[in-house]
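A.B. asks: the following comprises the amino acid sequence and a computationally predicted model.
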Amino acid sequence: MNYKILIADDQNSVLDNFRDKLGVHLDIEPVFTSEASEVIRLVQKNPFDYAVLVLDYSFEGQELNGVDVAKEVLKINPKLLVLICTGDMTQEVPVACINAGVSGFIKKDEPFDEIIKKIRANCVKFDELSRVVTKTQNVNQKHLDNSVWIQKIGMVGWSTPMAHIAKKILTLSENGGDRSTVLIRGESGTGKELIAKAVKDHSSRKNKPFVSINCAAIPAELLESELFGHEKGAFTGADRKRLGKFQAATGGTIFLDEIGEMRTDLQAKLLRVLQEKVIEPVGSNKPVPVDVRVIAATHVDLEAKIESKEFREDLFYRLNHIPINVPALRERTEDISPLVTHFMEMHIAGRNKKMMYKTLQYLKAYEWSGNIRELENMIGRLLISTSEEEIKPQHLDPKVFDKSKANNLSYPQFKDLLAKEFEEREKEFLISKVRSFSSLRAASKALSIPNSSLQRKLSEWGYKLHAGAVS
């Protein structure tokens, strides 16, 4: 597979020079444009296509310059590697470029060999950045499309179930469902509160309060006061009037986590709030109007609770107007790779470390009973306790191996797993080597592999061969 790079300059002579000189580099697929705005359009269309962007600094006579373009494309894909091509290296130019987030500079008068070295160095960096997120996982276009949807709601992943949730949230916003109650269901640690915040952030109430309360964390006798407030003297210790969470969330959203743990008498009062849009503080008989959108969440089986008379069926239907079911992490293992990358980038100790492919495979085979919360905690421990640059399988907690699906395989299944892993590593090795040679024949000679065998392997892996080149 070639490195696809986008080169943009306002001078056709510069583009022609790149076109001629890059012709001998069989592993680089250049895309050319002279329009700054066209760069943004191309990146919007395919955010993950380009290994490197080479941008003219000035774009004379156009509305945008290279810095403007860099800022816009990095909003679309913050991981893009951007090189600014300029003849002006006075102090303000590099400062402006660095502030925009560019990766480096190319001087217009420097030898082309030096330019290609910088481009190739960034292609290698692109490989490293993409190792977990794309290349070794054979991520297809569907995964990338899913990732774009999921990023729109501020979350991380590329699985189809999470993309469906993202689309549901965005559609709800577009269709004006800001008053609809939402019931989010899923195991502990799956990110239910993050999804609740995404629902709020993509509604007309996004700039209004978001108040969260865990119904299981507050003693049952105090929960009513926490929700609806109380009057002075309403009970022992109530020495002053206090507003509850519903009034604190006026105009905004209240998130009732672990709603399945709420006492049945309090469920009846919550039902009245949903029906009549009023609350009654403890110790008062005067209804207080409230304008609050309710989002609830639970990890328990509410239908079973209804059957055992522990949860009101009428409240369930009121809450379940918009249902969102969040699958467990073991049911969407595609999300483990981008989540691992995300947690490593967030952690100061993870920015200079890499996760070995084999280590990631063990993480993907683990059951994750604690879901994303457990994964985040494990990555944090690994980064702090591992001094080496590469995180290897031996650094993992022994429980990962004890509960790994791989340990429950039959011998034929184990052999098949090893064969698939070997093929992946073989593919990664050969492609990386082929890219460093000008032709397949030169590569096969250096690697001591018959040219016909190398061509057959590349063809089987889906790479098109023409005139000794790979695409």
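C.D. replies: Cool, got the structure. Note that the coordinates shown come from a computational prediction; the quantities given were computed from them, not determined experimentally.

A.B. asks: from now on I want contacts and neighbour counts done on CA atoms only, so please keep to that.
C.D. replies: OK.

A.B. asks: what about the residue positioned nearest the centre of the chain, which SS state?
C.D. replies: Closest to where the C-alpha atoms of the chain average out (Cα atoms, centre = their mean) is V156, at 2.1 Å. Secondary structure, DSSP: H, G, I helix; E, B strand; the rest coil: V156 is coil.

A.B. asks: pull up the gap between it and E345, please.
C.D. replies: The span separating V156 from E345 equals 12 Å under the rule Cα to Cα, to the nearest Å.

A.B. asks: which residues of the stretch 301-450 of the chain score low on pLDDT?
C.D. replies: By pLDDT under 70, the low-scoring segments of the stretch 301-450 of the chain are 403-411, 413-414, 417-418, 420-421, 435, 438.

A.B. asks: quick one: the strands in it?
C.D. replies: With DSSP state E, counting those that start in this stretch, the ranges of strands along the stretch 301-450 of the chain come out as 322-325, 354-355, 390-391.

A.B. asks: mind putting those strands into a markdown table with mean neighbour count?
C.D. replies: Output for those, formatted as a markdown table (neighbours: other Cα atoms under 10 Å):
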| stretch | mean neighbour count |
| --- | --- |
| strand 322-325 | 17 |
| strand 354-355 | 19 |
| strand 390-391 | 18 |
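
A.B. asks: tell me who's in contact with I372.
C.D. replies: For I372, the contacting residues are 189-191, 329, by Cα atoms under 8 Å, 6 or more residues apart in numbering.

A.B. asks: separation between it and G186?
C.D. replies: Going from I372 to G186 by Cα to Cα gives 12 Å.

A.B. asks: shared neighbours of those two, anything?
C.D. replies: Taking Cα under 8 Å, 6+ apart as the contact rule, I372 and G186 touch no residue in common.

A.B. asks: about what we covered before: E276: which of the strands of the stretch 301-450 of the chain is closest?
C.D. replies: Among the strands of the stretch 301-450 of the chain, the nearest to E276 by Cα to Cα is strand 322-325 (19.0 Å).

A.B. asks: the closest one - which strands sit beside it in the sheet, and in what orientation?
C.D. replies: Under the criterion DSSP bridges, strand 322-325 sits next to strand 182-185 (parallel) in its sheet.

A.B. asks: show the average pLDDT along the helix or strand containing R19.
C.D. replies: Assigning secondary structure by DSSP states H and E places R19 in helix 12-21. Throughout helix 12-21, pLDDT has a mean value of 89.

A.B. asks: which secondary structure elements does the next helix or strand after it sit against?
C.D. replies: Downstream of helix 12-21, the next assigned helix or strand under DSSP H and E is strand 28-33. Counting contacts by 3 or more Cα pairs under 8 Å, 6 or more residues apart in numbering; DSSP states H and E, strand 28-33 packs against strand 3-8, helix 12-21.

A.B. asks: how about the helices in the stretch 151-300 of the chain?
C.D. replies: With DSSP state H, counting those that start in this stretch as the definition, the stretch 151-300 of the chain shows helices at residue ranges 160-174, 192-201, 220-228, 245-248, 264-276.

A.B. asks: contacts for the third one, please.
C.D. replies: Just to be clear, that refers to helix 220-228. Residues external to helix 220-228 that are found in contact with it (Cα under 8 Å, 6+ apart): 215, 243-247, 262-263, 266, 279-282.

A.B. asks: would you mind checking the residues you listed for buried ones?
C.D. replies: Neighbour counting with 16 or more other Cα atoms under 10 Å marks 215, 244-247, 262-263, 279-282 as buried within the contacts of helix 220-228.

A.B. asks: so which of those residues sit within strands?
C.D. replies: In strands, defined here by DSSP state E, the members of the buried ones among the contacts of helix 220-228 are I279.

A.B. asks: hmm, which of the buried ones among the contacts of helix 220-228 is lowest in pLDDT?
C.D. replies: For the buried ones among the contacts of helix 220-228, the weakest pLDDT value sits at V282, with 86.

A.B. asks: mind listing the residues bridging to the nearest residue to that one once chain neighbours are set aside?
C.D. replies: Residue nearest to V282 in three dimensions, not counting chain neighbours: H230, with 4.3 Å by Cα to Cα, 6 or more residues apart in numbering. On the basis of DSSP bridges, H230 takes part in beta bridges with R242, V282.

A.B. asks: dump the residue contacts of H230.
C.D. replies: If you count contacts by Cα under 8 Å, 6+ apart, H230 has them with 238, 241-244, 281-284.

A.B. asks: go with 6 Å
C.D. replies: Contact analysis of H230 by Cα atoms under 6 Å, 6 or more residues apart in numbering lists 241-242, 281-282.

A.B. asks: tell me the SS of D10?
C.D. replies: Taken by three-state DSSP, the conformation at D10 corresponds to coil.

A.B. asks: and which of the contacts of H230 is nearest E38?
C.D. replies: For these, the minimum distance to E38 (Cα to Cα) is 57.5 Å, reached by R242.

A.B. asks: rewinding a little: nearest to Y366, of the contacts of I372?
C.D. replies: Using Cα to Cα, the shortest approach to Y366 within the contacts of I372 belongs to L329, at 9.8 Å.

A.B. asks: ok, that closest one touching G370?
C.D. replies: No: contact criterion Cα atoms under 6 Å: L329 and G370 do not qualify, at 8.7 Å.

A.B. asks: ok, those two, which is more surrounded?
C.D. replies: L329 (23 against 17; other Cα atoms under 10 Å).

A.B. asks: relative to K208, how far out is that one?
C.D. replies: Counting by Cα to Cα, the gap between L329 and K208 amounts to 31 Å.

A.B. asks: buried residues in the helix holding R19?
C.D. replies: Residues of helix 12-21 classed as buried by neighbour count (16+ other Cα under 10 Å): 15, 18.

A.B. asks: stretch 191-205 now?
C.D. replies: Under the neighbour-count criterion of 16+ other Cα under 10 Å, stretch 191-205 has 191-193, 195-205 buried.

A.B. asks: likewise for stretch 236-255?
C.D. replies: Counting neighbours by 16+ other Cα under 10 Å, one finds that the buried residues in stretch 236-255 are 242, 244-255.

A.B. asks: closest one of the contacts of H230 to V400?
C.D. replies: For the contacts of H230, the residue nearest V400 by Cα to Cα is R242; the value is 48.0 Å.

A.B. asks: the closest one against G229, yeah?
C.D. replies: Yes: judged on Cα under 6 Å, R242 makes contact with G229 at a distance of 5.3 Å.

A.B. asks: overlap in contacts, these two.
C.D. replies: Shared contacts of R242 and G229, counting by Cα under 6 Å, 6+ apart, come down to nothing at all.

A.B. asks: ok, back up a step: closest to N99 out of the buried residues of stretch 191-205?
C.D. replies: Using Cα to Cα, D201 comes nearest to N99 of those, at 27.8 Å.

A.B. asks: mind checking the longest helix of the chain?
C.D. replies: As assigned by DSSP state H, the longest helix anywhere in the chain is helix 411-434.

A.B. asks: list the contacts of it.
C.D. replies: By Cα under 6 Å, 6+ apart, the list of residues contacting helix 411-434 from outside reads A443.

A.B. asks: for the stretch 301-450 of the chain, just list every one of the helices.
C.D. replies: Residue ranges of the helices in the stretch 301-450 of the chain, as given by DSSP H, counting those that start in this stretch, are 302-307, 313-319, 336-346, 357-365, 371-385, 398-402, 411-434, 440-447.

A.B. asks: that older thread, dump the contacts of helix 220-228 into a markdown table; add distance to E221 as well.
C.D. replies: Converted to a markdown table, the contacts of helix 220-228 look like this (distance: Cα to Cα, whole Å):
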| residue | distance to E221 |
| --- | --- |
| C215 | 11 |
| L243 | 17 |
| G244 | 14 |
| K245 | 16 |
| F246 | 17 |
| Q247 | 19 |
| M262 | 11 |
| R263 | 9 |
| L266 | 10 |
| I279 | 17 |
| E280 | 16 |
| P281 | 14 |
| V282 | 11 |
